[in-house]
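Q: okay, sequence plus prediction incoming.
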Amino acid sequence: MLDLDFIRNNPDAVKKAVRDKNEKSDVDAILKIDAERRQVITELDNLRHQRNQTSEEIARLKKEKKDADKLIQSMKSVGERIKIMEKQLEEIDKPLREQLYWIPNVPASDVPVGGAAANVEVRQWGQPPAFNFTPQSHWLLGQQLKILDLERATKISGGGFMILKGAGAALERALINFMLDVHTGQHSRKVGIALPLKDSLFNDGISQPRKVGISLIPNDSLFNKGIPQHYQEINLPYLVNQKSMFATGQLPKLADDMYQTAEQSWLIPTGEVPLTNIFRDEILDSDTLPRYYVTATPCFRREAGSHGKETRGINRVHQFNKVELVKFVHPDTSFDELEKLVTNAESILQALGLHYRVIKLSTGEMSFASAKTYDLEAWAPGLGRYLEVSSCGNFTDFQARRANIKFRDPAQAGQVKFVHTLNGSGLALPRTLICLLETYQQSDGSIVIPEILRPYLNGQELIKS
RNA sequence: GGAGAGGUGGCAGAGUGGUCGAUUGCGGCGGCUUGCUAAGCCGUUGAGUGGGUUAUUACCCGCUCCCAGGGUUCGAAUCCCUGCCUCUCCGCCA
């Protein structure tokens, strides 16, 4: 949600944002309602003022045992008028709020305007691995290795669900633990600095990119003094109420993409929702900013209407696990914090030796609530394309305003202001798994486990049938 | 699931129809004191919103907010109804 005052003062910027994000809000209509609303408020406030003063007068007369009947009689009509005007105000307020909720966040000035074609590749890391055989898709590999079962998942739950078993289940769990350890700073303590992959494990004489050296996280040069080095791990509810979904911007827009229970609770589509809502309706101490959190949660998405190539395998499923990073920061620092957030997510891909590119999303491609978004797209050799494994965004004060998350700024006489919120995947599991299986596959269908994951798998080096 | 109690400012905790946005204590902030000294004293201290003065900082006036939503009343933190939440006891159960 945007500040109404900001819309009043910058109507053109807001209109441009609506256009660039392909939304349909009518800014002029909102401004018109707003003007009307303020008029009603002034009138109403005057009436209330009258009532308050007269009430005082009545109280005084009664105390002095004097007759107040005349005043009381005269106030009856005022009370009624107030009630009528309050109704009127409500009737204006409701459509105003509803229209306000549909205005998207304003993109940052350096975000390219346009649709998918306007996306900008910011950088690449590594190279697509070369194979001397035709790389298989993850669903074939998974089936052969008996670590992935889509048929039975369909039997149990329906299309768009997956079963991981044996080494597949263990691999996903290892990845989650690995990611959490990296983001919480536990990783290097546990396993030390990882070494490059051993050539001997590759029985088919493959190429460079899969043998990259591993740059370990976090990149300390990115962290200034006084700023947390790592994210705090946290576990949260997967079922949330209406208010929470509204606060992070999923509602009202994405109602059809989510699951709702009979009790009107919602299943979270991302850990961002409960995580960002932790501090809803709170005022934080400025010296506790920035705050970094990481959580691993399942995500539930209806994915209504998406079929075909996209949904083959485990690329797009109704339930999946994701490690999510969220930050609460001082407004002045949020865009710097975004850059750091992206590198934190990248560090996972680098450690796993997966080729990827960083995309700065255009206005038309980024989400409703975001001011600036980077996507990380990792290479899936079997599918022959990049998959979005992470989306990192700065939501500025858009979510904070909806969620009412503030901080007291001692630099400005203790003024209360909205924090900025950021979030990013670090990373989404199924797609990371896809890229891992397809990248590290060998001609016999076995999978080499990246060295950095081996401590999480009792030293296992290979998955084979 | 059954019975009871309760939800007030950063926290604790008064207030049961008329200057109550709310006593008081703690905490925070500012100042004074400097031999009551890991102390004392004084002052100050909520948020939101409409309007005004001042190009900012700031200040002034009004209104709203004592869990949420309705109701009674000239007037509600205070009375009534509904919902949500918390606590205690009982039952049930990973």
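A: Received the coordinates, thanks.
Q: can you give me the strands for the stretch 251-400 of chain A?
A: Remark: strands assigned in the stretch 251-400 of chain A by DSSP state E, counting those that start in this stretch are A:266-267, A:282-285, A:291-300, A:319-329, A:356-360, A:372-380, A:385-394.
Q: and of those strands, who's closest to RNA strand B?
A: Smallest distance to RNA strand B across the strands of the stretch 251-400 of chain A (Cβ to the nearest atom of the strand): 6.2 Å, for strand A:282-285. Where C-beta positions appear, they are placed from N, C-alpha and C, glycine not excepted.
Q: what strands flank that closest one, and is each parallel or antiparallel?
A: When pairing is defined by DSSP bridges, strand A:282-285 lines up against strand A:405-409 (parallel).
Q: quick one: buried residues of the partner strand?
A: Of the residues in strand A:405-409, A:405-407, A:409 count as buried by neighbour count, 16 or more other Cβ atoms under 10 Å.
Q: got TSV for the residues you listed, with distance to residue A:284 and pLDDT too?
A: As requested, the buried residues of strand A:405-409 are exported to TSV (distance: Cβ to Cβ, whole Å; pLDDT from 0 to 100):
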residue	distance to residue A:284	pLDDT
A:405	7	90
A:406	7	88
A:407	4	87
A:409	11	78
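Q: what does the stretch 301-450 of chain A put close to RNA strand B?
A: Proximity of the stretch 301-450 of chain A to RNA strand B, by Cβ under 7 Å from any atom of the strand, involves residues A:406, A:412-416.
Q: just the buried subset of those, please.
A: Looks like those have residue A:406 buried, using 16+ other Cβ under 10 Å.
Q: tell me how many other residues crowd the residue in the stretch 51-200 of chain A that RNA strand B sits nearest to.
A: At 2.7 Å from RNA strand B, residue A:59 is the closest residue in the stretch 51-200 of chain A, using Cβ to the nearest atom of the strand. With neighbours defined by other Cβ atoms under 10 Å, the count for residue A:59 comes to 11.
Q: what do you get for residue A:108?
A: Using other Cβ under 10 Å, residue A:108 has 18 neighbouring residues.
Q: before we move on, what about the one 4 residues further on?
A: Other residues within reach of residue A:112 by the criterion other Cβ under 10 Å amount to 17.
Q: tell me the contacts of it?
A: Neighbouring residues of residue A:112 by Cβ atoms under 8 Å, 6 or more residues apart in numbering: A:118-120, A:360, A:362-363.
Q: 10 Å - rerun?
A: With contact taken as Cβ atoms under 10 Å, 6 or more residues apart in numbering, residue A:112 is in contact with A:20, A:118-120, A:360-365.
Q: filter those residues down to the buried ones.
A: If we count by 16+ other Cβ under 10 Å, those have these buried: A:20, A:118-119, A:360-365.
Q: just put the residues you listed in JSON lines and tack on pLDDT and distance to residue A:341.
A: Converted to JSON lines, these look like this (pLDDT from 0 to 100; distance: Cβ to Cβ, whole Å):
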{"residue": "A:20", "pLDDT": "96", "distance to residue A:341": "23"}
{"residue": "A:118", "pLDDT": "96", "distance to residue A:341": "22"}
{"residue": "A:119", "pLDDT": "97", "distance to residue A:341": "19"}
{"residue": "A:360", "pLDDT": "98", "distance to residue A:341": "14"}
{"residue": "A:361", "pLDDT": "97", "distance to residue A:341": "14"}
{"residue": "A:362", "pLDDT": "97", "distance to residue A:341": "19"}
{"residue": "A:363", "pLDDT": "97", "distance to residue A:341": "20"}
{"residue": "A:364", "pLDDT": "96", "distance to residue A:341": "22"}
{"residue": "A:365", "pLDDT": "96", "distance to residue A:341": "18"}
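Q: below-threshold pLDDT in the stretch 151-300 of chain A: ranges please.
A: Scanning the stretch 151-300 of chain A for pLDDT under 70 picks out the ranges A:188-228.
Q: where do the helices sit along it?
A: Counting by DSSP state H, counting those that start in this stretch, the stretch 151-300 of chain A has helices at residues A:167-184, A:187-191, A:242-247, A:272-276.
Q: most packed of those?
A: helix A:272-276 (a mean of 26; mean count of other Cβ atoms under 10 Å).
Q: check which residues of the lengthiest helix in chain A are buried.
A: The residue-count maximum for a helix in chain A (DSSP state H) belongs to helix A:27-63. Neighbour-count burial for helix A:27-63, counted by 16+ other Cβ under 10 Å, picks out A:27, A:30, A:33-34, A:37, A:40, A:44, A:47, A:54, A:58, A:61.
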